[in-house]
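In: Pasted the sequence and its predicted model underneath.
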Amino acid sequence: MTLEDVKKILEAEVIVGSNLLHQEVKMACGCDLMSDVLSYVKPDSLLLTGLTNPQVVRTAEMSDIVAICFVRGKKPDSVTIEMAESKNIPLLTTPIPMFESCGRLWNQGLSGCSEYKK
């Protein structure tokens, strides 16, 4: 799935990185605890979060996350936006809540970052 697909599924607005929407997303993770992101998220993932501070971008960079999507219509401040832009990490925002955003992506075939196997 590409970021362009994610944008359509989540009815999202691109904050920064519209030139990178062709990038492939292999899986997604909905999380507000950046320590959990560092522990469990796999490279080439999409991070869905309600946090909008610069630490989210730092965590995404360290975890090789493809993009960040802020849920519930949240928008980051200019410092966070500038940091993401300098690191080529696309930022999106969706008015949809976290649970439903994850569900929509799962429903369209995007897997999660867990190690759980049936």
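Out: Sure thing, it's come through.
In: Can you mark which positions in the helix or strand containing V6 are buried?
Out: Per DSSP states H and E: V6 is located in helix 3-9. By neighbour count on 16 or more other C-beta atoms under 10 Å, the buried set for helix 3-9 is L3, D5, V6, K7, I9. C-beta coordinates here come from the backbone N, C-alpha and C atoms, glycine included.
In: what's near enough to touch the last one?
Out: Right, I9. Residues in contact with I9 (C-beta atoms under 8 Å, 6 or more residues apart in numbering) are R104, L105, Q108.
In: Compare these and tell me which has the most neighbours.
Out: Within the contacts of I9, L105 tops the neighbour count with 24 neighbours, counted by other C-beta atoms under 10 Å.
In: Next, give phi and psi for the residue nearest to that one when sequence neighbours are not counted.
Out: Spatial nearest neighbour of L105, excluding adjacent residues (C-beta to C-beta, 6 or more residues apart in numbering): A28 at 5.2 Å. Main-chain dihedrals, A28, degrees, to the nearest 10: phi -140, psi 160.
In: what about the protein, any weak spots by pLDDT?
Out: Along the chain, the parts satisfying pLDDT under 70 run over 115-118.
In: could you redo the last one with a cut-off of 90?
Out: 113-118 (pLDDT under 90).
In: Please, where are all the strands along it?
Out: 13-16, 27-30, 45-49, 67-70, 91-93, 111-112 (DSSP state E).
In: Quickly compare those strands and say which is most buried.
Out: strand 67-70 (a mean of 27; mean count of other C-beta atoms under 10 Å).
In: partners of that one in the sheet?
Out: Strand 67-70 sits in its sheet next to strand 45-49 (parallel), strand 91-93 (parallel), going by DSSP bridges.
In: what does the shortest one rub up against?
Out: I take that to be strand 91-93. Contact with strand 91-93 is made by 3, 6-7, 10, 12-17, 67-71, 73-76, 80-81, 84, as judged by C-beta under 8 Å, 6+ apart.
In: Mind putting the strands of the chain into CSV with distance to V56?
Out: Converted to CSV, these look like this (distance: least, C-beta to C-beta, whole Å):
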stretch, distance to V56
strand 13-16, 12
strand 27-30, 12
strand 45-49, 6
strand 67-70, 6
strand 91-93, 9
strand 111-112, 19
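In: No further queries at this time; thank you.
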